[in-house]
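Participant: Attaching a predicted model along with its sequence, questions to come.
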Amino acid sequence: MRIKIVADNKIPFLKGVLDDVADMVYLPGREISAADVRGADALITRTRTCCDASLLDGSGVKFIATATIGHDHIDTQYCDKKGIAWTNAPGCNSSSVEQYILSVLLNTAMQDGHDLKGKTIGIIGVGNVGGKVEKISRALGMQVLLNDPPRARAEGTGDFVELERILQEADIITLHVPLNVSGEDKTLHMADHVFFKGLARKVLLINSSRGEVVDPGALKKAILENRLADAVLDVWEGEPAIDQGLLNLVRIGTTHIAGYSTDGKANGTSMSVQAVSRFFELGFDEWYPATLPGPEHPEITLDGTGMDMQAILHEVVNIAYNVLEDDWKLRESPERFEELRGAYPIRREPGAYRVKIINDEAGAGPVLEQLGFQVMSDFCI
């Protein structure tokens with residue numbers, strides 16, 4: 001007997017994959033209703049579909065796969081109670097967020113005329129994403145402070161510091177936590193008035209985790225009171241109807257696309273397809289898209305004569321991905337937040353690029369390799 005699967009129609013690479021073994025229904029994620037899932041056996045979702053009692057009561061859904069790291073859109077307690085299995089895609093787009101943070105760090109540093117080497121970055125939340133941000137931060141020569149209370153309790157405090165130390169010592173703070181609305185590790189409005197008042201210096205705050213982790217009122221107040229150097233937001237409380245007043249105050253604002261590289265999307269989709277396949281024994285347990293669209297310019301050639309390390313890194317990274325272009329698109333049309341997100345263009349991660357540096361006097365080649373690029377060593381001379 002064929003199963004029925006309702007899927008978000010914005011999940012890339014999915015259409016046609018399971019159609020021969022299941023009755024597939026593709027719908028906009030925000031519009032999937034209880035009537036749509038009444039006769040469904042499974043859902044394949046993104047964050048825009050709220051999977052709770054109002055959607056699932058009376059349905060035949062047995063399995064939910066979300067092609068995202070986050071799963072706060074799934075009422076997991078309800079699902080567990082009703083015997084509905086669910087899965088997310090941990091780490092699927094961690095390299096994409098890493099790429100986003102790298103572009104933010106280099107663009108803000110170059111614009112402000114300061115060197116990232118020696119700066120202190122505080123990473124709050126050191127899971128799949130935070131761990132990769134730690135890696136690139138060290139490659140850039142930065143001092144790194146890590147805060148992750150659940151990991152500190154499980155592994156010991158050796159590699160971790162208290163939040164208060166980050167607030168006192170960091171030049172840059174980047175948030176990579178899940179959204180927990182209650183409990184010992186509550187992150188809802190983690191960055192609140194107390195958080196900002198605790199800052200010892202003017203930091204650059206970056207949030208690419210969940211919008212609700214930052215209290216928007218407290219952030220606006222901190223910016224207006226000159227407590228921060230700047231703020232970068234990829235995620236917003238209440239999105240897609242974002243606070244345009246807050247957008248006008250932040251240094252960089254984007255449409256929740258930090259994890260939207262083509263590579264990350266392919267990873268999330270494949271993890272969801274494989275999970276559904278295993279649950280229903282569909283025969284797609286090892287599926288992955290056969291090919292990914294390549295970047296427009298896969299080879300990057302740069303003459304490094306007279307350029308320092310950071311200038312070379314900035315130039316190469318921006319050819320692969322320049323976060324300022326996404327910032328510009330949002331500022332031009334903030335009312336198109338969801339449209340810009342849904343129609344996000346191809347963005348390949350550093351591994352899709354081959355870099356040739358002529359006269360690499362600064363020795364940037366090895367660092368670019370640490371950042372994930374394919375470096376043609378014969379040209380790094």
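Facilitator: Sure, I can see it. Numbering: from 1, shown residues only.

Participant: Let me know whether my guess that residue 166 is in a strand holds.
Facilitator: No: remark: residue 166 does not belong to a strand; assigned using DSSP: H, G, I helix; E, B strand; the rest coil, it is helix.

Participant: what's around it, how many residues?
Facilitator: Counted by other C-beta atoms under 10 Å, the residues lying close to residue 166 total 22. Any C-beta I mention is one placed from the backbone N, CA and C, and that applies to glycine too.

Participant: Do I have it right that residue 26 meets residue 15?
Facilitator: Yes: counting by C-beta atoms under 8 Å, residue 26 does reach residue 15; the two are 6.5 Å apart.

Participant: Common neighbours of those two, please.
Facilitator: Contact criterion C-beta atoms under 8 Å, 6 or more residues apart in numbering; residues shared by residue 26 and residue 15: residue 9.

Participant: where does the chain have low pLDDT?
Facilitator: 377-381 (pLDDT under 70).

Participant: How about the residue nearest the centre of it: what's its closest non-neighbour residue?
Facilitator: In the chain, the centroid-proximal residue (C-alpha atoms, centre = their mean) is residue 259; its distance is 3.4 Å. With C-beta to C-beta, 6 or more residues apart in numbering as the criterion, residue 259 has its nearest non-adjacent residue at 3.3 Å, and that residue is residue 93.

Participant: What's the local residue count around that neighbour?
Facilitator: When counting by other C-beta under 10 Å, one arrives at 26 neighbours for residue 93.

Participant: Residue 176 versus the residue nearest to the centre of the chain, what's the distance?
Facilitator: Distance, residue 259 to residue 176, using C-beta to C-beta, to the nearest Å: 11 Å.

Participant: shared neighbours of the two, anything?
Facilitator: Common neighbours of residue 259 and residue 176 (criterion: C-beta under 8 Å, 6+ apart): 97, 208.

Participant: Residue 26 and residue 15: which has the busier surroundings?
Facilitator: residue 26 (15 against 12).

Participant: which residues touch the nearest residue to that one once chain neighbours are set aside?
Facilitator: Nearest residue to residue 26 in three dimensions, chain neighbours excluded: residue 9, at 3.9 Å (C-beta to C-beta, 6+ apart). Residues in contact with residue 9 (C-beta under 8 Å, 6+ apart) are 15, 26, 27, 28, 29.

Participant: Looking at those residues, which is nearest residue 286?
Facilitator: When the contacts of residue 9 are ranked by distance to residue 286 (C-beta to C-beta), residue 15 comes first, at 19.4 Å.

Participant: So the closest one sits against residue 44, correct?
Facilitator: No: counting by C-beta under 8 Å, residue 15 stays clear of residue 44, with 11.1 Å between them.

Participant: So which of the contacts of residue 9 sit within strands?
Facilitator: Here DSSP state E is the test, and those give 26, 27 as lying in strands.

Participant: would you turn the contacts of residue 9 into a markdown table with distance to residue 139?
Facilitator: Formatted as a markdown table, these follow (distance: C-beta to C-beta, whole Å):
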| residue | distance to residue 139 |
| --- | --- |
| 15 | 38 |
| 26 | 40 |
| 27 | 42 |
| 28 | 40 |
| 29 | 36 |
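
Participant: quick check, nearest of the contacts of residue 9 to residue 285?
Facilitator: residue 15 (19.7 Å).

Participant: now the helices for the stretch 201-350 of the chain?
Facilitator: For the stretch 201-350 of the chain, applying DSSP state H, counting those that start in this stretch gives helices covering 216-224, 244-249, 262-280, 309-320, 323-332, 337-342.

Participant: highest average neighbour count across the ones you listed?
Facilitator: Mean neighbours per residue, mean count of other C-beta atoms under 10 Å, is largest over the helices of the stretch 201-350 of the chain for helix 262-280, with a mean of 22.

Participant: For that helix, name the packing helices and strands.
Facilitator: Packing partners of helix 262-280 (3 or more C-beta pairs under 8 Å, 6 or more residues apart in numbering; DSSP states H and E): strand 42-45, strand 63-66, strand 85-87, helix 94-112.

Participant: Tell me the first helix or strand C-terminal of the first one.
Facilitator: Beyond strand 42-45 in the direction of the C-terminus, DSSP states H and E gives the next helix or strand as helix 53-56.

Participant: got it, and the longest one?
Facilitator: Using DSSP H and E, the helix or strand that follows helix 94-112 in sequence is strand 120-124.
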